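Q: structural data only, the sequence is not supplied:
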């Protein structure tokens, strides 16, 4: 049923996953006031960050080039900051920029992240989703799928959803396809050639984007968007 040669993580290896952060493709940074302030330009306008901490500035600069581990910027062990980057230097600004932050699930190999959640609404909030193994879940019935125009992978979105979900690797695609109808996480695990931990991580990211529907006796989306919707190129 599944081509387990398609990915090195499909043969049962236990991957070490971690949160990756980047800025949307439309975001540009500009220094003003002799370099003291940082202006964040995007399709939504501009935001001024007054005298940002040097480490925060470094993190944002790196995010314009692609997904990064924030622990690397702060010289911390992987996973130390957690999925919400609850750090006194980072959190206030990252929370302010949450509608511009792309959240990816990374892994310790050279093949790139499993999936990425791209905000497409000013109200987009990536909320942690706690996965319960015996509880039924399903993708929203109005979710649509399309192939990525650049590179491999699939995109999943709903008409008014706050996020565009990009499935980069087979494990993420398999998992998302397995929950197109109501199913428990235990049932998903019985179908897929991936580890229990990885399935939990992938479903947690999908749930955090509000792409799961509400089910009787189950859990639904942890939030939704209602702001101005813009899709990055």
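A: Arrived safely, thanks for sending. In this text the structure is predicted, and so the values were computed from the model without any measurement. Residues are numbered from 1 along each chain as shown.
Q: check contacts around the residue in the chain sticking out farthest from the centre.
A: Distance from the centre of the chain peaks at residue 34, with 34.2 Å (Cα atoms, centre = their mean). Residues near residue 34 by Cβ atoms under 8 Å, 6 or more residues apart in numbering: none. Every residue, glycine included, has its C-beta placed from N, CA and C.
Q: can you tell me the SS state at it?
A: coil (DSSP: H, G, I helix; E, B strand; the rest coil).
Q: any idea how far residue 147 is from it?
A: As judged by Cβ to Cβ, to the nearest Å, residue 34 and residue 147 stand 46 Å apart.
Q: over to residue 48?
A: Relative to residue 147, and taking Cβ to Cβ, residue 48 is found at 38 Å.
Q: residues near residue 32, how many?
A: By the criterion of other Cβ atoms under 10 Å, residue 32 has 11 neighbours.
Q: if you could redo that for residue 72, that was the one I meant.
A: 12.
Q: which element is it on?
A: helix 70-73 (DSSP states H and E).
Q: and that helix, how far from the chain's centre?
A: 17 Å (Cα atoms, centre = their mean, to the nearest Å).
Q: buried residues in that helix?
A: Within helix 70-73, the residues that count as buried by 16 or more other Cβ atoms under 10 Å are 70, 71, 73.
Q: same question, stretch 100-117
A: 100-107, 112-117.
Q: and what of stretch 60-73?
A: Quick answer for stretch 60-73 (16+ other Cβ under 10 Å): 60, 62, 63, 67, 68, 69, 70, 71, 73.
Q: start to end distance for it?
A: 10 Å (Cα to Cα, to the nearest Å).
Q: rounded mean pLDDT for that stretch, please.
A: Across stretch 60-73, the average pLDDT comes to 90.
Q: again, but for stretch 210-230
A: Rounded mean pLDDT across stretch 210-230 is 56.
Q: numbering from 50 from now on, please.
A: In the new count, where the first residue is 50, that last one comes out as stretch 259-279.
Q: ranges for the strands of the protein?
A: Ranges of strands within the chain are 66-72, 77-81, 86-91, 94-98, 150-156, 164-168, 185-186, 193-196, 203-206, 212-216, 232-233, based on DSSP state E.
Q: export these as TSV, with columns for distance to residue 223 and mean pLDDT.
A: Shown next, in TSV, are those (distance: least, Cβ to Cβ, whole Å; pLDDT from 0 to 100):
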stretch	distance to residue 223	mean pLDDT
strand 66-72	16	92
strand 77-81	36	92
strand 86-91	33	95
strand 94-98	38	95
strand 150-156	14	94
strand 164-168	11	97
strand 185-186	15	90
strand 193-196	13	94
strand 203-206	11	96
strand 212-216	9	97
strand 232-233	13	90
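Q: among those strands, which comes closest to residue 252?
A: strand 185-186 (6.9 Å; Cβ to Cβ).
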